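J.: missing the sequence, but the structure's below:
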Ligand code: ATP
């Protein structure tokens, strides 16, 4: 099937319906529903082993579903082979042919389609221009930096005008500064071409920066789907709150709509939103930069500074409250051992602490 047989426009809608993937007895992806919209850059974010690559490979056709289906613009493609899906794939390790020049690597997909030679030459040149590799057309992958190789891999993926581009941790072999530049380049190119993109990463900062929407995954499940702002500011559960960005949690129990009693009996009066039935609310959560240090008794609760790290643009404090610790990142000044007040933002409440904290407590 050619690209135009799937779709006349630049991108496509992807529907994932009850998709499940097993390897023997092991379920790598539990039954999953997702709608990825035409033209969006949609990221699968989660820790190692959560099933994000497995899901991506199933969109590509490299892995077949154990149950459920994948649709491109409503058409069931679950049984189609990868080469019949008309999609572009960018791998972590670039996957360029070492014995072909960059131009030949990029031309390959068009040659397979037996496109006219003049058209191939023009298309390869314009695509290399888009990724700023015109000068490197005659070089071999081994003569180029990792960043250049990944731009060549990107050119090779987009040269066939795929409606859907899949990225599997494309930047994880590159150094930090280059990663930031290349992820902006990827997003700009994807928007310029109007393609749909699905992007796999375990790097939450990268996901927040690059994505239109993010699915946060864990242990073969999608925990939440939302815009970067929704995921960061209004996580629906403690696992998402903990995995994306820094988090401050306190454990206790909600005793009314605006009162929370910590495990040591301290009561906090604060605006709370409940992600669960109020009676099950056992954890409150705030982002560290939303907590302010104020003089004792002038905030929502008091604590003692137990660790100070000066980070330049702000200072990171650990504040002990009874037997619990809150992380606070602010430009406010305090010194080790000082008793301070904490002014809290509106709090989110969850019915569990994140697993990480639970296991620390259990130890
Ligand atoms: P990573 O970033 O480490 O690749 P991931 O979230 O992409 O993590 P997957 O590669 O999708 O995770 O793997 C999910 C789970 O499925 C892991 O436990 C992995 O060991 C298992 N798995 C993946 N592929 C296979 C396979 N072909 N056979 C058996 N188990 C597999």
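T.: Ah, there it is. Quick caveat, the model's predicted, so the values are computed rather than measured.
J.: Now do residue 146 against the ligand, distance only.
T.: In this structure, residue 146 and the ligand are 18 Å apart, going by CB to the nearest ligand atom, to the nearest Å. For the C-beta atoms, the positions are set from N, CA and C on the backbone; glycine is no exception.
J.: In contact with that residue, which residues?
T.: 94, 173-174, 178 (CB atoms under 8 Å, 6 or more residues apart in numbering).
J.: which of the residues you listed are buried?
T.: 94, 174, 178 (16 or more other CB atoms under 10 Å).
J.: any chance of those residues in TSV, plus pLDDT, secondary structure and distance to the ligand?
T.: Formatted as TSV, those follow (pLDDT from 0 to 100; DSSP: H, G, I helix; E, B strand; the rest coil; distance: CB to the nearest ligand atom, whole Å):
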residue	pLDDT	secondary structure	distance to the ligand
94	84	coil	17
174	86	coil	16
178	88	helix	20
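J.: of those residues, closest to residue 61?
T.: Residue 61 lies nearest to residue 94 out of the buried ones among the contacts of residue 146, by CB to CB, at 20.5 Å.
J.: what's near enough to touch the closest one?
T.: Applying CB under 8 Å, 6+ apart, the residues contacting residue 94 are 141, 146, 149-150, 152-153.
J.: Need the buried ones from those selected in ChimeraX.
T.: Per 16+ other CB under 10 Å, the buried members of the contacts of residue 94 correspond to this ChimeraX selection:
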select :141,149,150,152,153
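J.: So which of the contacts of residue 94 sit within helices?
T.: Counting by DSSP state H, the contacts of residue 94 place 146, 149-150, 152-153 in helices.
J.: Tell me which helix or strand comes right after the lowest-mean-pLDDT helix or strand in the chain.
T.: The helix or strand of the chain with the lowest confidence, counting by mean pLDDT, DSSP states H and E, is helix 3-6 at a mean of 41. Sequence-wise, the next helix or strand downstream of helix 3-6 (DSSP states H and E) is strand 14-23.
J.: Look at the closest residue to residue 56 other than its chain neighbours and report its pLDDT.
T.: Leaving aside its chain neighbours, residue 56 sits nearest to residue 200 (5.0 Å; criterion: CB to CB, 6 or more residues apart in numbering). Note on residue 200: pLDDT of 97.
J.: what about residue 200, which SS state?
T.: Here residue 200 is recorded as strand under DSSP: H, G, I helix; E, B strand; the rest coil.
J.: now do residue 192
T.: Strictly by three-state DSSP, residue 192 counts as helix.
J.: Run a quick neighbour tally on it.
T.: 11 (other CB atoms under 10 Å).
J.: can you pull the contacts of the closest residue to it other than its chain neighbours?
T.: Using CB to CB, 6+ apart and skipping residues adjacent in sequence, the residue nearest residue 192 is residue 130, 7.9 Å away. When contacts are counted by CB under 8 Å, 6+ apart, residue 130 touches 155, 158, 189, 192.
J.: Can you tell me which of those residues are buried?
T.: 155, 158, 189.
J.: Adding distance to residue 312 as columns, could you present those residues in CSV?
T.: Shown next, in CSV, are the buried ones among the contacts of residue 130 (distance: CB to CB, whole Å):
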residue, distance to residue 312
155, 38
158, 39
189, 33
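J.: just those residues now: which is nearest residue 83?
T.: Among these, residue 158 lies closest to residue 83 (CB to CB), at 16.6 Å.
J.: Quick check: the closest one touching residue 167?
T.: No - judged on CB atoms under 8 Å, residue 158 makes no contact with residue 167 at a distance of 11.4 Å.
J.: now whichever residue of the stretch 151-300 of the chain sits closest to the ligand: how far from residue 111?
T.: Nearest to the ligand, among the residues of the stretch 151-300 of the chain, is residue 202, at 5.5 Å (CB to the nearest ligand atom). Residue 202 sits 35 Å away from residue 111, going by CB to CB, to the nearest Å.
J.: between the two, which one's more packed in?
T.: Taking other CB under 10 Å, residue 202 and residue 111 do not tie; residue 202 has more neighbours (19 against 12).
J.: who touches the more buried one in this structure?
T.: Counting by CB under 8 Å, 6+ apart, residue 202 touches 45-48, 52, 169, 172.
J.: In JSON lines: the residues you listed, plus pLDDT.
T.: Output for the contacts of residue 202, formatted as JSON lines (pLDDT from 0 to 100):
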{"residue": "45", "pLDDT": "96"}
{"residue": "46", "pLDDT": "94"}
{"residue": "47", "pLDDT": "91"}
{"residue": "48", "pLDDT": "90"}
{"residue": "52", "pLDDT": "96"}
{"residue": "169", "pLDDT": "93"}
{"residue": "172", "pLDDT": "88"}
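J.: Need the pLDDT of residue 173.
T.: Reported pLDDT at residue 173 in the predicted model: 85.
J.: tell me the secondary structure for it?
T.: coil.
J.: And for residue 214?
T.: strand.
J.: Start the count at 3 instead of 1 going forward.
T.: Taking 3 as the first residue, the last one we looked at is residue 216.
J.: for this protein, which spans come out with low pLDDT?
T.: Low-confidence regions of the chain, defined by pLDDT under 70, span residues 3-11, 358-365.
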